[in-house]
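K.L.:
sequence? don't have it. structure:
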C-alpha cells in the first residue's frame, strides 16, 4: 500500500470518527446502521470473498451474537461486554460444530445448507424459553448513540485490518488457494478443512459482534429479526457489489448501497427493498466482479467493459 | 393407531403437493444447472394468480390451474430468454445471486400489489371431507394430491416419450452434442425454464387451496423444494415424488410427536443431514 493510500485511509477514518461531533441524530443513526452493515459485508468477505465459499447463512452468526448479548444481559444480568464475549463464543462453537460437516459441501449445496441452517436456528431459538421464544427479549436501554457509533466504527476498522492481514499472511494465501483450486491447495500442503473452518469462525466472530452491538442499540430482539434472511441478502450484495476478495470493496459497497437505499426510502417509500433486488440482478449481469474491478479495468476498456461482461457468460 | 394413520394420510397428501412444487426446481436445476432461488416466489405468484381468478372471476382453482400454468410459463420463458440466458454460463455463485435478486424483486412487487395480508382460496367444497371408517380425508387436499400425482407422472412421460422431452434430457446430459443434433439452446433453455415456472404456478394454485398465502412464503418454499430435490435426485420426476412424500410424512410426524412449531426444524434438519451424509442425494444422482 502506498503512503498516499495510507494517508487517505487515516483521513477517512478520522472524518468518520469525528462525525458524531457535527452530525445530527439522524445522521448518526444512519451511520451506525451503515457501519454495522459494512462489518457484516467484511465478515462475509472472509468466507465468501477469500475462501470462495458462498455462505447464505451468516445471519445465523448475527442472531447468535444478538442472542448472546440478549440472554446475558436480560436473563443473567451480566454487563454488555460479557454478553458480547458470550455471543462470540456461541458463534465460534456454532462455526466449529456445523462448519466441519457443512464445509465439506461445495457450490450450490454449501449455499443452500447454510441457508437452511439459518432457518433452523431461527426455528430452534423461537422454541427456547431462555431466549424468550417467539416473544423475544427486551434489553435495558442505553441512550448513547455516539458510543454505539464509535463501537461500530472500531469494529469495522478491526475487521478491515483483519482482511488486510489476510492479504499478506500465510492464512490468507491459503484461503485464496482454496478458492482458486481446493485440490491444488491440499496438494501444496494447505490443511483445507482447518483453514475453511477457521475462516468460517472468523467470519462468524465479526458477524456476531455486529449482531451484539445492534441488539443492545435497538434494545429489542426476536427470532424473526435476529435471523432475518434479508440481512444475508444485504451483506452478500454489498460485498459483491463492492468487490468480493478485496480489502476495501465490501466497505465501499456497503456505504454506497446504504446511502442510495436511504435516499430512495426517504423519497419513494417501499422502493428501497426493490432497489436491492434490482441492483443485484444488474450487478451480476454487468459487473460480476464488483466496483473494485470496474475501477481497475474501466480506464483501459471504457464502456466496452460492461459489454464484455455481458458477452462473457451468455449462451 | 388411528391418529398415526390419520397423520400418515395427511403427510402423504401434503407430500404430493410438495412434489409438484419441487418438480420445476429439479427440472431447471438438472437441465440448466441453475438453482432457482426465486422458485418459491414463483409458487407464491401462481397462488396469487389463482386467488385473483377465483375471487374476481369465480374460476375454480382446479379449473383455473391450466390457465395459471400457461401464464406462468410465458413469464418464465420471457425471463430466461431476456435475462437468465445472459448468465447461464457464469460461475454457480452468480446464477445463485441473480435468482436471489429476482426473489427479492418478486417478493416486494407482490407486497406492493397484493399487500401483506394473508389470503386463502376457499371454494365451497373446501371444508368437505371423505370419511374412511375412523379416518378423515379432506377433499381439497385429496384433489390437490391427485392433480399433483397426475402432473408428476405426466412430466415423467413427457420427458421420456416426446421429442421435446428428449431434447431437454439430451441438453441436460451434453449441451454440445445436443447442439450438433439440432437443438437450439436459447429456445430450449427458455422452454425448460418456462415449464419449471409453469409447474411452480400450478403448484401455487394447489397450495392456495390448502394453505394460506402471503408475499413472504417464497423463501421457505424454495428451501423445502431444494430439500425434496436433494432427497429425490434430479434425473427423474418420480424421485421427486418420493422426496416430496418423505418430506410431507416427516413434517406431519414431527407435528404429532415433537410439536407444531418444530416442523420447519424437521424439514431443514433433514435437508442438512442428507447433505452431510450423502451429498449426492438419497436416490440416484444429482447435478
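P.N.:
Structure's in. What do you need? Here the structure is a predicted model, which means the values were calculated and not measured. Numbering: from 1, shown residues only, chains lettered A, B, ... in the order given.
K.L.:
Quickly check: the lowest-mean-pLDDT helix or strand in chain B near chain A or not.
P.N.:
None of the helices or strands of chain B scores lower by mean pLDDT, DSSP states H and E than helix B:263-277, at a mean of 78. Yes. Using C-beta under 8 Å from any C-beta of the partner chain, we find that helix B:263-277 touches chain A at B:264-265, B:268-269, B:271-272, B:275-276. For every residue, glycine as well, the C-beta is placed using N, CA and C.
K.L.:
and if you look at stretch B:171-188?
P.N.:
Yes. Stretch B:171-188 reaches chain A (C-beta under 8 Å from any C-beta) through B:185-186.
K.L.:
List the buried residues in that stretch.
P.N.:
For stretch B:171-188, the neighbour count (16 or more other C-beta atoms under 10 Å in any protein chain shown) marks B:171-172, B:175, B:178, B:183, B:185, B:188 as buried.
K.L.:
now for the least confident helix or strand of chain B, which elements pack on it?
P.N.:
helix A:80-102, helix A:107-125, helix B:218-232, helix B:237-257 (3 or more C-beta pairs under 8 Å, 6 or more residues apart in numbering or on different chains; DSSP states H and E).
K.L.:
Out of the buried residues of stretch B:171-188, which sit inside helices?
P.N.:
Judged by DSSP state H, the buried residues of stretch B:171-188 include B:171-172, B:175, B:178, B:185, B:188 as members of helices.
K.L.:
Show me which of the residues you listed is closest to chain A.
P.N.:
Nearest to chain A among those is residue B:185, at 5.5 Å by C-beta to the nearest C-beta.
K.L.:
Enumerate the residues of the stretch 51-200 of chain B near chain A.
P.N.:
So the stretch 51-200 of chain B meets chain A at B:83, B:85-90, B:92-94, B:96-98, B:100-105, B:108-109, B:111-112, B:185-186, B:189 (C-beta under 8 Å from any C-beta).
K.L.:
Drop anything exposed from those residues.
P.N.:
In these, burial by neighbour count holds for B:85-88, B:90, B:92-94, B:96-98, B:100-105, B:108-109, B:111, B:185, B:189, counting by 16+ other C-beta under 10 Å.
K.L.:
With adjacent residues omitted, what lies nearest to the spatially most central residue of chain A?
P.N.:
Nearest to the geometric centre of chain A sits residue A:40, at 1.8 Å (C-alpha atoms, centre = their mean). Closest residue in space to residue A:40, ignoring its immediate chain neighbours: residue A:235 at 4.0 Å, by C-beta to C-beta, 6 or more residues apart in numbering or on different chains.
K.L.:
cool, residue A:57 as well?
P.N.:
Using C-beta to C-beta, 6+ apart and skipping the chain neighbours, the partner closest in space to residue A:57 is residue A:114 (3.0 Å).
K.L.:
about what we covered before: kindly reformat the residues of helix B:263-277 next to chain A as JSON lines and extend each row with distance to residue A:199 and neighbour count.
P.N.:
Formatted as JSON lines, the residues of helix B:263-277 next to chain A follow (distance: C-beta to C-beta, whole Å; neighbours: other C-beta atoms under 10 Å in any protein chain shown):
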{"residue": "B:264", "distance to residue A:199": "28", "neighbour count": "20"}
{"residue": "B:265", "distance to residue A:199": "27", "neighbour count": "20"}
{"residue": "B:268", "distance to residue A:199": "24", "neighbour count": "26"}
{"residue": "B:269", "distance to residue A:199": "25", "neighbour count": "19"}
{"residue": "B:271", "distance to residue A:199": "23", "neighbour count": "26"}
{"residue": "B:272", "distance to residue A:199": "20", "neighbour count": "21"}
{"residue": "B:275", "distance to residue A:199": "20", "neighbour count": "23"}
{"residue": "B:276", "distance to residue A:199": "19", "neighbour count": "16"}
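K.L.:
low-confidence ranges in the stretch 151-287 of chain B?
P.N.:
The model of the stretch 151-287 of chain B has pLDDT under 70 over residues B:278-287.
K.L.:
Also chain A?
P.N.:
Short version for chain A, where the test is pLDDT under 70: A:1, A:268-270, A:272.
K.L.:
Could you tell me which residues of the stretch 51-200 of chain A lie near chain B?
P.N.:
Residues of the stretch 51-200 of chain A lying near chain B (C-beta under 8 Å from any C-beta): A:54, A:56, A:101-102, A:104-105, A:107-109, A:111-113, A:115-117, A:119-120, A:123-124, A:126-127.
K.L.:
where exactly do the strands run in the stretch 101-250 of chain A?
P.N.:
Under the criterion DSSP state E, counting those that start in this stretch, the stretch 101-250 of chain A contains strands at A:137-138, A:220-221.
K.L.:
for the last one, packing partners?
P.N.:
Spelled out, that is strand A:220-221. Using 3+ C-beta pairs under 8 Å, 6+ apart: strand A:220-221 touches helix A:59-70, strand A:137-138.
K.L.:
What strands line up against that strand, and which way round?
P.N.:
Its sheet considered, strand A:220-221 pairs with strand A:137-138 (antiparallel) by DSSP bridges.
K.L.:
So what touches the strand it pairs with?
P.N.:
For strand A:137-138, the surrounding residues in contact (C-beta atoms under 8 Å, 6 or more residues apart in numbering or on different chains) are A:67, A:70-71, A:74-75, A:131, A:219-222.
K.L.:
let's go with 6 Å and repeat that
P.N.:
Contacting residues not belonging to strand A:137-138 are listed as A:70, A:74, A:220-221 [C-beta atoms under 6 Å, 6 or more residues apart in numbering or on different chains].
K.L.:
Widest-spaced pair of those residues?
P.N.:
A:74 and A:220 (10.6 Å; C-beta to C-beta).
K.L.:
in the helix or strand harbouring residue B:69, what counts as buried?
P.N.:
Counting by DSSP states H and E, the element that carries residue B:69 is helix B:61-82. Using 16+ other C-beta under 10 Å as the test for burial, helix B:61-82 gives B:61-62, B:64-65, B:67-69, B:71-73, B:75-77, B:79-81.
K.L.:
what ranges do the helices span in the stretch 101-250 of chain A?
P.N.:
For the stretch 101-250 of chain A, helices defined by DSSP state H, counting those that start in this stretch occupy the ranges A:107-125, A:145-166, A:170-180, A:182-187, A:192-218, A:223-226, A:229-242, A:249-267.
K.L.:
and those as TSV, adding mean neighbour count?
P.N.:
Below are the helices of the stretch 101-250 of chain A laid out as TSV (neighbours: other C-beta atoms under 10 Å in any protein chain shown):
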stretch	mean neighbour count
helix A:107-125	23
helix A:145-166	19
helix A:170-180	18
helix A:182-187	14
helix A:192-218	25
helix A:223-226	21
helix A:229-242	25
helix A:249-267	19
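K.L.:
can I get those helices in a markdown table with distance to residue B:12?
P.N.:
Output for those, formatted as a markdown table (distance: least, C-beta to C-beta, whole Å):
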| stretch | distance to residue B:12 |
| --- | --- |
| helix A:107-125 | 23 |
| helix A:145-166 | 50 |
| helix A:170-180 | 44 |
| helix A:182-187 | 41 |
| helix A:192-218 | 39 |
| helix A:223-226 | 31 |
| helix A:229-242 | 30 |
| helix A:249-267 | 45 |
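K.L.:
With respect to residue A:30, which of the ones you listed lies nearest?
P.N.:
In terms of C-beta to C-beta, the element of the helices of the stretch 101-250 of chain A nearest to residue A:30 is helix A:249-267, at 5.9 Å.
K.L.:
so, in contact with chain B or not, that closest one?
P.N.:
No. Helix A:249-267 lies out of reach of chain B by C-beta under 6 Å from any C-beta of the partner chain, never closer than 12.1 Å.
K.L.:
quick one: is whatever helix or strand comes next after that helix near chain B?
P.N.:
Sequence-wise, the next helix or strand downstream of helix A:249-267 (DSSP H and E) is helix A:271-286. Yes. Judged by C-beta under 6 Å from any C-beta, helix A:271-286 comes into contact with chain B at A:273-274, A:276-277, A:280-281, A:284-285.
K.L.:
buried sites along helix A:271-286?
P.N.:
A:272-277, A:279-281, A:283-285.
K.L.:
In a markdown table: the residues you listed, plus distance to residue A:201.
P.N.:
Converted to a markdown table, those look like this (distance: C-beta to C-beta, whole Å):
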| residue | distance to residue A:201 |
| --- | --- |
| A:272 | 33 |
| A:273 | 31 |
| A:274 | 35 |
| A:275 | 33 |
| A:276 | 28 |
| A:277 | 31 |
| A:279 | 30 |
| A:280 | 27 |
| A:281 | 32 |
| A:283 | 28 |
| A:284 | 28 |
| A:285 | 34 |
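K.L.:
Cool, thanks, talk later.
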